[in-house]
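Enquirer: mind folding the following:
(2 chains)
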Amino acid sequence: QKEVEQNSGPLSVPEGAIASLNCTYSDRGSQSFFWYRQYSGKSPELIMFIYSNGDKEDGRFTAQLNKASQYVSLLIRDSQPSDSATYLCAASSGGGADGLTFGKGTHLIIQP
Amino acid sequence: DAGITQSPRHKVTETGTPVTLRCHQTENHRYMYWYRQDPGHGLRLIHYSYGVKDTDKGEVSDGYSVSRSKTEDFLLTLESATSSQTSVYFCAISEDSPGYTFGSGTRLTVV
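Expert: Residues are numbered from 1 along each chain as shown, chains lettered A, B, ... in the order given. Below you'll find the model as predicted:
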């Protein structure tokens, strides 16, 4: 069974610091990886995706992928209180036809 | 932005009654999905569709059925609702860009 594991948190980070969120996945056939942000009572919102080993940067966000270790991470630089949310890691083994497998999410709190 | 709407937004129903949730999209996307989200379990796939009348089961499909008679509509039916089906239900579509776009969700309470 495909699994994506995340530490549920809460992860508390001071404003302006780097928040580091991690996830591991069990299916070695997974090819695409996604990070979603979900505010309380709202729907998940895609913030980053990564396919290749290494780093991918977009503004304050950096996604990192290590397929050998089956490990995905998300770094948030210069954390802001508005970054406080639950972050969901997801993996897909193909073109997405059979759905994404999600982790349970990490609750991030940015302390002003 | 993808046009995806879910209805109803909230529903309270009694155990044993049938319930249908609707997901409507306006942009002719082929793939549509139903997820449920529960504390401690995260998002879990119920059913998905890869075209009109083409559907398949996900991880937690027991007690649920789906139908897709038109590209734009994907219906999720609970034939006989149980308290364990109290949850937040999200519909998602897969667009040309990576990842999925989610609807606003339906909060279902079975009493």
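Enquirer: tell me the pLDDT of the spatially most distant residue from the centre of chain B.
Expert: Residue farthest from the centre of chain B, counting by C-alpha atoms, centre = their mean, is B:S97 at 20.8 Å. On the pLDDT scale, B:S97 is placed at 72.
Enquirer: show me the contacts for it.
Expert: Neighbour list for B:S97: empty [criterion: C-beta atoms under 8 Å, 6 or more residues apart in numbering or on different chains]. (Each C-beta comes from the backbone N, C-alpha and C, glycine too.)
Enquirer: so it sits in a helix?
Expert: No: counting by DSSP: H, G, I helix; E, B strand; the rest coil, B:S97 falls outside a helix, being coil.
Enquirer: distance check, it against A:A17.
Expert: 31 Å (C-beta to C-beta, to the nearest Å).
Enquirer: kindly report the same for B:H29.
Expert: As judged by C-beta to C-beta, B:H29 and A:A17 stand 39 Å apart.
Enquirer: of the two, which one has the most company?
Expert: Taking other C-beta atoms under 10 Å in any protein chain shown, B:H29 and A:A17 do not tie; B:H29 has more neighbours (18 against 13).
Enquirer: element containing the closest residue to the more buried one other than its chain neighbours, please.
Expert: Using C-beta to C-beta, 6 or more residues apart in numbering or on different chains and skipping residues adjacent in sequence, the residue nearest B:H29 is B:I93, 4.6 Å away. B:I93 belongs to strand B:87-94 when assigned by DSSP states H and E.
Enquirer: that older thread, got a list of what the residue nearest to B:H29 touches?
Expert: B:A2, B:I4, B:Q25, B:E27, B:H29, B:Y31, B:M32, B:Y33, B:Y100, B:T101.
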